[in-house]
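[1] Here's my sequence, what's the structure:
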Amino acid sequence: MAAKASIMPIVGKIYCSSSNVVLGVRTRPRVANGGGLVVTDCSQKVVFRVEGCGTLGKKTELILRDGNGNALLLIRRKGGIVEALSIYKQWKSYTTDYEGSQKLVFSLKEPNSFIVQNNPIRITIEPMEQNKHSSYEIKGCFSEKDCSIVDSRGNIIAQVGMEEELKEVMASKDLYHVLVKPGIDQAFIFGVIAILDYIYDGSTRC
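    Okay, here's the model as predicted:
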């Protein structure tokens, strides 16, 4: 009998599946409705939406919503002179409860290309002591839609890719898919994807 996948809720258990899940991602043109991402399942039902600064009117701020439009994650990049001089640019992702208070869910460190090169993008689940596998990093090239999110033991938890026939006809990489492994929180994965889209000058960025 196959071992049951361990569930790792980060945003919520409802976003964890007991089997592999493949979701399609479509980028929205910046000129239409402010850009962003639309994530659909195999039946073309919208599962997540990502709103970027074209919609929100705020640079370095993103929102991940579920298919019904409910906000799941508010994502912000820290700014200021400290960031400009730091090795990393930091992104913080928060959930908001019914009382309106925010809780830090995960942080992402983007290497500052002016200071350091070839360092991987790293993700940390907060608070670290409550999560056995709290650190992840990006392997491969997101701009080419050919990368993976791996945990601290080197296990792939999600893969970004494109069908071979799409690679030949769509140089803009507007359509791609994300395979999420069993037990992994899909909302967390697409919070990370939202930031990667912004970092690599995707449609979430103005």
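[2] what about residue 47, neighbour count?
    Neighbourhood size, residue 47 [other CB atoms under 10 Å]: 17. To be clear about C-beta, it is placed using only N, CA and C from the backbone, and glycine gets the same treatment.
[3] quick one: pLDDT of it?
    With respect to pLDDT, residue 47 has a value of 97.
[4] my guess is it meets residue 186, correct?
    Yes: the criterion here is CB atoms under 8 Å, and residue 47 meets it with residue 186 at 7.4 Å.
[5] what residues are shared contacts of these two?
    Between them, residue 47 and residue 186 share the neighbouring residues residue 23, with contact defined by CB atoms under 8 Å, 6 or more residues apart in numbering.
[6] Now the phi/psi pair for residue 51, please.
    Residue 51 adopts backbone torsions of phi -100, psi 130, taken as degrees, to the nearest 10.
[7] if I read this right, residue 137 contacts residue 150, doesn't it?
    Yes: counting by CB under 8 Å, residue 137 touches residue 150, with 6.1 Å between them.
[8] quick one: contacts for the residue lying closest to residue 206 once chain neighbours are set aside?
    Distance criterion CB to CB, 6 or more residues apart in numbering; nearest residue to residue 206, sequence neighbours excluded, is residue 53 at 4.4 Å. For residue 53, the set of contacting residues under the criterion of CB under 8 Å, 6+ apart consists of 34, 59, 60, 61, 62, 204, 205, 206.
[9] Reformat those as JSON lines; add distance to residue 102, pLDDT and secondary structure.
    Putting the contacts of residue 53 into JSON lines (distance: CB to CB, whole Å; pLDDT from 0 to 100; DSSP: H, G, I helix; E, B strand; the rest coil) gives the following:
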{"residue": "34", "distance to residue 102": "23", "pLDDT": "70", "secondary structure": "coil"}
{"residue": "59", "distance to residue 102": "19", "pLDDT": "79", "secondary structure": "coil"}
{"residue": "60", "distance to residue 102": "16", "pLDDT": "84", "secondary structure": "coil"}
{"residue": "61", "distance to residue 102": "13", "pLDDT": "91", "secondary structure": "strand"}
{"residue": "62", "distance to residue 102": "14", "pLDDT": "94", "secondary structure": "strand"}
{"residue": "204", "distance to residue 102": "20", "pLDDT": "88", "secondary structure": "coil"}
{"residue": "205", "distance to residue 102": "23", "pLDDT": "86", "secondary structure": "coil"}
{"residue": "206", "distance to residue 102": "23", "pLDDT": "78", "secondary structure": "coil"}
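[10] Residue 78: which of those is nearest?
    The shortest approach to residue 78 among those belongs to residue 60, at 8.4 Å (CB to CB).
[11] lowest average confidence, helix or strand, in the protein?
    Within the chain, confidence by mean pLDDT, DSSP states H and E is lowest for helix 164-169 among all helices and strands, at a mean of 54.
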